[in-house]
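*Asks:* I'll drop the sequence and a predicted model, then ask my questions.
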Amino acid sequence: MKLPFKRLSAVAAAAVLTVSLASCAAASDTSASPTAGTSAAAPELSDTLTVFAAASLKTTFTDLAAAFEAAHPKVKVSLSFDGSSTLVTQITQGAPADVFASADTKNMTKLSDAKMAAGEPVDFATNVLTLVVPPTNPANIASFADAAKPGTKLVICAAQVPCGAAALSDATNAGLTLAPVSEELNVTSVLGKVISGEADAGLVYVTDAKSAGKKVKEIPLKLATPTVNDYPIVAVEGSKQQELAKAFIALVTAPEGQQVLQDAGFGTP
């Protein structure tokens, strides 16, 4: 089902969650005998779900969380956005998270290696980088090569952050050497420096450029082989909100949730 608007409706969210939770309930009730033409009723959800998500997911996950709460008024979704490397470090050091959505597989693997992923992560989106400059483009940047020239105030993400690793990979593919004046811990900070005029250019995801609208001017990288980041999501091992986590992940990966992501510029997994 295609939604006419970016924000997922509460009705659609409720439908997705009811099917998901009914399936979970049926799967867990081994004592019940199957009856043709009947389905298990979804349990009433309540409590708080804490979601740690990559900074580039802020707009879409805020919308999805609102839809989740609208479908289940007793549920509160607490969202924490930052660079994926920062978030996975926080989780492995004991930060209370129920769901982790990463902007790359590398940081998700760190969670799995620490035996803190409850099940197999599921890819739900992809993203690629683009170049953004202030609307007036004071440095007269017209290409990726221009942004790499000496004297250009270029800002990128730090190498340990997915957007930083992608920036270095894209530069290698283009035969360029980057000399950034700043390396940020998340893509939101890169975008903020360009919007404020502190940077001549910044490498951000296409989704961030789209959400910024007229606050920046986008200059496509035009690479033959752009670096594509896969976005996986998983429930966190040890969380006391496994059913809520499964329901939220079901919403993200369902057609309705996928439409919200695609409307924001994300690619399909």
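*Replies:* Ah, there it is. Note that this is a predicted model, so its numbers are computed, not measured. Residues are numbered from 1 along each chain as shown.

*Asks:* Extract the residue ranges of the stretch 1-150 of the chain that are flagged as low pLDDT.
*Replies:* Scanning the stretch 1-150 of the chain for pLDDT under 70 picks out 1-46.

*Asks:* Make sure residue 265 is indeed in a strand.
*Replies:* No. Judged by DSSP: H, G, I helix; E, B strand; the rest coil, residue 265 forms no part of a strand; its state is coil.

*Asks:* how much space between it and residue 234?
*Replies:* 23 Å (CB to CB, to the nearest Å). Backbone N, C-alpha and C define where each C-beta goes, glycine included.

*Asks:* Please apply the same query to residue 126.
*Replies:* 17 Å.

*Asks:* The two: which is more packed in?
*Replies:* Using other CB atoms under 10 Å, the more surrounded residue of residue 126 and residue 234 is residue 234, with 21 against 15.

*Asks:* and the more buried one, what does it touch?
*Replies:* 99, 100, 108, 111, 112, 117, 118, 119, 120, 121, 122, 249 (CB atoms under 8 Å, 6 or more residues apart in numbering).

*Asks:* So which of these are in strands?
*Replies:* For the contacts of residue 234, the ones inside strands are 99, 100, 117, 118, 119, 120, 121, 122, with DSSP state E as the criterion.

*Asks:* Only whichever of those residues are buried, select them in PyMOL.
*Replies:* Here is the PyMOL selection string for the buried members of those, based on 16 or more other CB atoms under 10 Å:
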select buried, resi 99+100+117+118+121
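
*Asks:* how about the ones in strands among the contacts of residue 234, which pair is most distant?
*Replies:* Greatest spatial distance in the ones in strands among the contacts of residue 234: 99 and 120, 14.1 Å, computed using CB to CB.

*Asks:* Pull the most distant pair out of the contacts of residue 234.
*Replies:* 112 and 249 (15.3 Å).

*Asks:* neighbour count winner among the two?
*Replies:* residue 249 (22 against 16).

*Asks:* For that one, which non-adjacent residue is spatially closest?
*Replies:* residue 233 (5.5 Å; CB to CB, 6 or more residues apart in numbering).

*Asks:* Just give the strands next to the host helix or strand of the one you found in its sheet, each with its orientation.
*Replies:* Assigned by DSSP states H and E, residue 233 belongs to strand 229-236. Its sheet considered, strand 229-236 pairs with strand 99-101 (antiparallel), strand 117-127 (antiparallel) by DSSP bridges.

*Asks:* would you turn those into CSV with distance to residue 205?
*Replies:* Formatted as CSV, the strands paired with strand 229-236 follow (distance: least, CB to CB, whole Å):
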stretch, distance to residue 205
strand 99-101, 14
strand 117-127, 5
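
*Asks:* how about those strands, which one is nearest residue 164?
*Replies:* For residue 164, the closest of the strands paired with strand 229-236 is strand 117-127, at 13.5 Å, according to CB to CB.
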